[in-house]
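> sequence? don't have it. structure:
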RNA sequence: GGUGGGGUUCCCGAGUGGCUAAAGGGAGCAGACUGUAAAUCUGCCGGCGUAGCCUUCGGAGGUUCGAAUCCUCCCCCCACCA
């Protein structure tokens, strides 16, 4: 244990420790973590806190923000944040939590995603205090000998003992050799940037700990590991992920963020407050209490959640506005404030004749349905209306004479006007 | 390397020459009821201006009037053997 004589230092440590461990699942190894933090404070030497993101999709969602917001807390405490954009690891694909090999991305896709990632990161983090590194920086320099050397640091047995691999083996789903390299690559990132702490979701525990092993093998002081809970997606079952489509993207319009928040199962309300918002400990206690009272409709609290989430990623006041709009559109079944609009000329561009609009085409070509067949199904299911009048005739055609509002399902709108 | 068993639509899984765009379940979408929650019920659930066509049963060829189904080669998974 470090000697910690000054009460000021001790107070600072307690303050930091409290913030850092809040919401975390594991802090490994605990004693070592405390010592390292104390040393950092005493010597005024910030920790290098790392988290990596593979730019496999263009959207950062609330699931990612669980880790990013933890980074932000470290940042606010004066520590150094190092974001790794995994341009090379993305080409391999992290097998964590995967039931099948990820499909490889092209370099162009990766670079495009990496670009949009960065702007999204800085909706939470302070750009000027963040170091962003692409891991291609070191991987593209490695020779085959270097790679083989890296591969000697880990045994097959250790890699295969992971749950993800065990499950895949048992179910007869292929595992490619290159996927075994993922933890090694992630670990080597920690060597390259000399990470002192790495953050990740609990499913990352193996990779994070592998980082320690690799660092030691390369004579770098092993990093500390901090794991955060996995945020459950909108379906209430699976982890939030882009590929499952059960996510709230931080770049989404206010209305979407709010609407999606409203669609989560009630049991997840507290969870979202805790993991995805900056609600204070006192606020969380109040929320928990309110949710346990039978006379409180969880919907009201869910609305607070939606409002909060919108405010985090949109200008102030957007949350309230989104809530009001939601109430207007869904509770009172009125029209939204603003909706996508197409003029006669724009319709003509879509090859729709404003004088004789074939409803099926209008729905499909304006993107309110994926295909004509889909549009037809929606019409015959009674999910389509024009100016509030339900249309059930699949062959319906009409002339665009006045401003008309097309509604498809509960939440898709399109306004079309003659000029 | 050998022998045997497998690979079916988003997922699981039935189907072993035409009746098969392919049973059933799950997921999803829409409708009713609601709080865009849950539960329940109903409909849809490859594409095309709905008419027959086109695409789809690991991949590529072939047999046949006709193939998810038969043959050949290849790829992948599993079991046992080496």
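All right, it came through fine. Model, not experiment: these values are computed from the prediction. Residues are numbered from 1 along each chain as shown, chains lettered A, B, ... in the order given.
> Secondary structure element holding whatever residue of chain A ends up closest to RNA strand B?
Of all residues in chain A, the one sitting closest to RNA strand B is residue A:259 (2.1 Å; Cβ to the nearest atom of the strand). For glycine as for every other residue, the C-beta is placed from the backbone atoms N, C-alpha and C. Here residue A:259, judged by DSSP states H and E, is contained in helix A:254-262.
> For that helix, enumerate the helices and strands it packs against.
If contacts are counted by 3 or more Cβ pairs under 8 Å, 6 or more residues apart in numbering; DSSP states H and E, helix A:254-262 sits against helix A:298-313, helix A:318-326.
> can you list these in a markdown table and add distance to RNA strand B and mean pLDDT?
A markdown table is the format used below for these (distance: least, Cβ to the nearest atom of the strand, whole Å; pLDDT from 0 to 100):
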| stretch | distance to RNA strand B | mean pLDDT |
| --- | --- | --- |
| helix A:298-313 | 4 | 95 |
| helix A:318-326 | 5 | 93 |
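> which intervals of chain A have sub-threshold pLDDT?
Applying pLDDT under 70 to chain A flags the ranges A:1-5, A:92-105, A:170-173.
> Spatially central residue for it, please.
residue A:61 (2.3 Å; Cα atoms, centre = their mean).
> all helices of the stretch 301-419 of chain A, in order?
Under the criterion DSSP state H, counting those that start in this stretch, the stretch 301-419 of chain A contains helices at A:318-326, A:344-349, A:359-365, A:372-380.
> Pick the most buried one from those.
Burial of the helices of the stretch 301-419 of chain A is given as mean neighbour count (mean count of other Cβ atoms under 10 Å); helix A:359-365 ranks first at a mean of 21.
> ok, and does that helix reach over to RNA strand B?
Yes. On the criterion Cβ under 7 Å from any atom of the strand, helix A:359-365 is in touch with RNA strand B at A:360-361, A:364.
> which residues does residue A:344 contact?
Contact partners of residue A:344, counting by Cβ atoms under 8 Å, 6 or more residues apart in numbering, are A:354, A:400, A:416-419.
> ok, which pair from those is furthest apart?
Within those, A:416 and A:419 form the most distant pair, 10.7 Å apart (Cβ to Cβ).
> shared neighbours of these two, anything?
Here residue A:416 and residue A:419 have A:343-344 as joint contacts, going by Cβ under 8 Å, 6+ apart.
> Looking at the record's assignment, how would you partition chain A?
A:7-228, A:254-331, A:341-417 (automatic domain parsing).
> Make CSV out of the ones you listed and add distance to residue A:247.
As requested, the domains of chain A are exported to CSV (distance: least, Cβ to Cβ, whole Å):
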stretch, distance to residue A:247
domain A:7-228, 4
domain A:254-331, 8
domain A:341-417, 17
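> related to what we said a few turns ago, I'd guessed the residue of chain A closest to RNA strand B sits against residue A:411; true?
Yes. Under the criterion of Cβ atoms under 8 Å, residue A:259 makes contact with residue A:411 at 6.7 Å.
> So whichever helix or strand comes after the helix holding residue A:259, near RNA strand B or not?
For helix A:254-262, the following helix or strand on the C-terminal side (DSSP H and E) is helix A:269-276. No. If you take Cβ under 7 Å from any atom of the strand as the test, helix A:269-276 misses RNA strand B, and the best it gets is 7.7 Å.
> in helix A:269-276, what's buried?
A:269-270, A:272-276 (16 or more other Cβ atoms under 10 Å).
> and residue A:259 and residue A:411? which has more neighbours close in?
residue A:259 (20 against 12; other Cβ atoms under 10 Å).
> residues contacting the more buried one?
Contacts here follow Cβ under 8 Å, 6+ apart; on that basis residue A:259 touches A:306, A:326, A:411.
> Then residue A:272?
Listed by Cβ under 8 Å, 6+ apart, the contact partners of residue A:272 are A:62, A:231, A:261, A:264, A:305, A:309.
> was I right about the second one contacting residue A:271?
Yes. Between residue A:231 and residue A:271 there is a contact at 7.5 Å, judged by Cβ under 8 Å.
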